[in-house]
Each structure stands twice: as C-alpha cells, then as structure tokens.
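S.K.: Have a look at this prediction, sequence included:
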Amino acid sequence: MAASAQNVKEQDVPSATKNAFKKAYGDAKEVKWEKEGVNFEAEFEVGETDQSVVLDASGSILKVEIEIKVADLPAAVNNYIAKNHNDAKIREATKITDPAGVVSYEAEIKGKDLIFDSNGMFIKEEVDTNEDKD
C-alpha cells in the first residue's frame, strides 16, 4: 500500500525535523518537503544527485534514498524486469538505506516502483503515485 504524500511548507515541518535535516545535509539545494503519514520527507539535490530523506517529528532519520544510474543496480534486478515485465525500460533507479544500514533498491518502470533487496531479489511492487510529475 503506497501512502499518499502531501506537499508541506517548510514552516509546517517540526523544528527538530528541520534541524536534524540541516545538520545531516547542510549542502542540500532545492529542498521540498512532503508529509508521509506522521513522518516528513525532504527531497533535495546534492551536487547533481537527487536524494530524499524521511525523518520523524523528533528528527530521527528513517530512510535515505539516493538516485543511482540504472547500470549500478544489481544484475538480478535487470534480469527480473526482463523476465517479468517484458524488458520494460527502467526510468529511474534508487538506492535506499534504512537506519540499520540495510540497503534495498527501487526500479521505476511505467506506473510501478519495484522494490528489491541488496542482492537484487524482488520484494514487492508499489503503484507509482508520482507518475504524472515527470
């Protein structure tokens, strides 16, 4: 189940959340905030790389997402998509790291986000609610 995110103004983000974000990502540019359930997601750029981080209201980082090149996905991801999605083109690839350092990957294909573990084994499929933003 994909949660619907809502854009929020920076002044509506709790101070602890903003402060933790600024401490961790002081060089972030073009920051946009969204509310995801009770948590907050900051989407931003560092250099030329799109990133996002999900924080709770107390400022704890829950998840970090960094855009990567499709070629940097584990080979098993491409094999899975070729076999199960008729060689669909991967529009965007993301490396996801949770607070424990566990890595997973997301491959965006038309209308869907496919989630894989650190070895490229398929975990789940989510409907891409941001499809029309591109």
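M.R.: Nice, thanks for sending it over.
S.K.: okay, CA-based contacts and neighbour counts for the rest of this
M.R.: Fine.
S.K.: In this structure, mark out all the strands, start to finish.
M.R.: 6-8, 29-36, 39-46, 49-55, 61-68, 92-97, 103-109, 112-117, 122-127 (DSSP state E).
S.K.: which non-adjacent residue is nearest K124?
M.R.: Of all residues not flanking K124 in the chain, I115 sits nearest, at 5.3 Å (Cα to Cα, 6 or more residues apart in numbering).
S.K.: Tell me how many other residues surround that neighbour.
M.R.: By other Cα atoms under 10 Å, the residues close to I115 number 22.
S.K.: Also R91?
M.R.: Using other Cα under 10 Å: R91 sits among 11 other residues.
S.K.: repeat for K29
M.R.: What K29 shows, counting by other Cα under 10 Å, is a neighbour count of 14.
S.K.: if we can go back for a sec, wait, which of the strands of the chain is closest to N79?
M.R.: With respect to N79, and counting by Cα to Cα, the nearest of the strands of the chain is strand 122-127 at 10.5 Å.
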